[in-house]
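Chemist: Following is a predicted model, sequence given first.
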Amino acid sequence: MENRDFNCPIVLLISRMVSPFIMLFALYIIFHGHYSPGGGFQGGTMLAAAVLLTRITSGYSVSQFQFKTALTMPLGAAGVLIYWGTGFSSLLLGKSFLNYSALTVFGSVDNAHSMGILLVEVGVGLAVMALLISIYDDLFAGEPIMVKDNE
Amino acid sequence: MKIVNIVVLVLFGAVLLFASLTLPPRGDAKAPLNCPYSPANTPSASSYYAERAHEDAHTDNMVTVILADYRGFDTLGEETVILTAALVCLLLLRRGGSKNGE
């Protein structure tokens, strides 16, 4: 168990119940960013909020089952690499950097632009989610009182 | 000192409210923001994006087009800035091997 200032079952249950729905809505925001307000930054922030909700209510060590701290930095770097990779792949396919018209593997020019923007948004969402959680965990680890478990 | 702060804040809020009284209504087609030419008779950027965004980028959401297509470099830099911030937090705050104690 973990040291917590409060131990309210209602907060615990409601936060665990709400967290997946926040994630679902965040995915909707990321993947529907072409047609409606939204995009990678907003959706990634909501994904991070869903994870941080259980981080705060269930405690640090329990919420590691949901999202491990060791995963944050690799996932964030992977998101940034997806963005750079999209840019460089269009460069290698003969157009300028980040010109989505070059991504002809997705079919027509419309599809190429759409899928290129989608790839970029997924990269941004992944990076924002993982890096916000990473910053939170770093700040948490810097707090000497909260880290120690009661033995 | 606190009274001075409060007075300055209230005055600043009053100035902002007074300035917002003369803003054009939302969606006003005759507002300078929405005109194809600025008051100085130069073409404005917003109408360019409104007219050309769909045929340039083949995507419906103009905000996404500007963010990820016209200004892809800008978003790339923003994401790299976030990565740098997280790396700095990791280097400064995370303590490796702290399981054995301080």
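Modeler: Right, received. Where do you want to start? Numbers count the residues shown, from 1 in each chain, chains lettered A, B, ... in the order given.
Chemist: So which residue is smack in the middle of chain B?
Modeler: For chain B, the residue nearest the mean C-alpha position is B:L67 (10.7 Å; C-alpha atoms, centre = their mean).
Chemist: what does chain A give?
Modeler: Closest-to-mean residue, chain A, C-alpha atoms, centre = their mean: A:M129 / 2.5 Å.
Chemist: A:Q42 is in contact with that residue, correct?
Modeler: No. The pair A:M129 / A:Q42 is not scored as a contact, 11.1 Å apart, by C-beta atoms under 8 Å. Heads up, the C-betas are built off the backbone N, CA and C, glycines and all.
Chemist: For A:M46, grab the count of nearby residues.
Modeler: 22 (other C-beta atoms under 10 Å in any protein chain shown).
Chemist: what do you get for A:D110?
Modeler: 12.
Chemist: packing partners for the helix or strand bottoming out on mean pLDDT in chain B?
Modeler: Ranking every helix and strand in chain B by mean pLDDT, DSSP states H and E puts helix B:45-57 at the bottom, with a mean of 81. Counting contacts by 3 or more C-beta pairs under 8 Å, 6 or more residues apart in numbering or on different chains; DSSP states H and E, helix B:45-57 packs against helix B:62-65.
Chemist: hmm, the next helix or strand after the helix it packs on in reach of chain A?
Modeler: Helices and strands here follow DSSP states H and E; after helix B:62-65, the next one along the chain is helix B:72-93. Yes. For helix B:72-93 and chain A, the contact criterion (C-beta under 8 Å from any C-beta of the partner chain) is met by B:72-73, B:75-76, B:78-80, B:82-83, B:85-87, B:89-90, B:92-93.
Chemist: how about helix B:72-93: buried residues?
Modeler: Buried residues in helix B:72-93, counted by 16 or more other C-beta atoms under 10 Å in any protein chain shown: B:G72, B:T75, B:L76, B:E78, B:E79, B:I82, B:L83, B:A86, B:L87, B:C89, B:L90.
Chemist: Which other helices and strands does it contact?
Modeler: With contacts taken as 3+ C-beta pairs under 8 Å, 6+ apart, helix B:72-93 sits against helix A:69-92, helix A:109-141.
Chemist: from the ones you listed, which stretch is densest packed?
Modeler: helix A:109-141 (a mean of 23; mean count of other C-beta atoms under 10 Å in any protein chain shown).
Chemist: quick revisit: so can I have a markdown table of the buried residues of helix B:72-93 showing distance to B:A29 and pLDDT?
Modeler: Putting the buried residues of helix B:72-93 into a markdown table (distance: C-beta to C-beta, whole Å; pLDDT from 0 to 100) gives the following:
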| residue | distance to B:A29 | pLDDT |
| --- | --- | --- |
| B:G72 | 30 | 88 |
| B:T75 | 30 | 91 |
| B:L76 | 35 | 92 |
| B:E78 | 32 | 92 |
| B:E79 | 36 | 93 |
| B:I82 | 38 | 94 |
| B:L83 | 42 | 94 |
| B:A86 | 44 | 93 |
| B:L87 | 47 | 93 |
| B:C89 | 47 | 90 |
| B:L90 | 50 | 89 |
